[in-house]
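Colleague: No letters, just coordinates:
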């Protein structure tokens, strides 16, 4: 996933923004990433990825390299939101209507 792609689709928070927050604020727990413009406090889809970024940061990694491509990430979130019956917060990136074209991956 490119670093400028949204990680938190509810509040449009990029991976780069989270990484900079980690670097500057040096939180002690992954849950403190919610202080980064509300990351992870909307539908909750990005929480495992925030935890992954936190764990990688604590281990000294420069940034996670195994996050899905943006279209796949958005589609997985759509499925999560539908399965859980969630209502997205106002202003959130809407869910996708169709799965991504996987023939290009």
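Modeller: Everything's here; your move. Remember, it's a predicted structure, so these values are computed and weren't measured experimentally.
Colleague: Helices along this structure, start to end?
Modeller: 15-25, 47-58, 70-84 (DSSP state H).
Colleague: For the ones you listed, give me TSV that also has distance to residue 94, mean pLDDT and mean neighbour count.
Modeller: Yep, even glycine has a C-beta here, placed from its N, CA and C like the rest. Output for those, formatted as TSV (distance: least, Cβ to Cβ, whole Å; pLDDT from 0 to 100; neighbours: other Cβ atoms under 10 Å):
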stretch	distance to residue 94	mean pLDDT	mean neighbour count
helix 15-25	20	95	17
helix 47-58	19	94	17
helix 70-84	9	92	16
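Colleague: want to try a markdown table for those, with distance to residue 2 as columns?
Modeller: A markdown table is the format used below for the helices of the chain (distance: least, Cβ to Cβ, whole Å):
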| stretch | distance to residue 2 |
| --- | --- |
| helix 15-25 | 8 |
| helix 47-58 | 14 |
| helix 70-84 | 7 |
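Colleague: Quick one: residues contacting residue 51.
Modeller: For residue 51, the contact set (Cβ atoms under 8 Å, 6 or more residues apart in numbering) comprises residue 30.
Colleague: Roughly how far does it sit from residue 39?
Modeller: In this structure, residue 51 and residue 39 are 11 Å apart, going by Cβ to Cβ, to the nearest Å.
Colleague: And for residue 61?
Modeller: Where residue 39 is concerned, residue 61 sits at a distance of 18 Å (Cβ to Cβ).
Colleague: Thanks a lot, see you next time.
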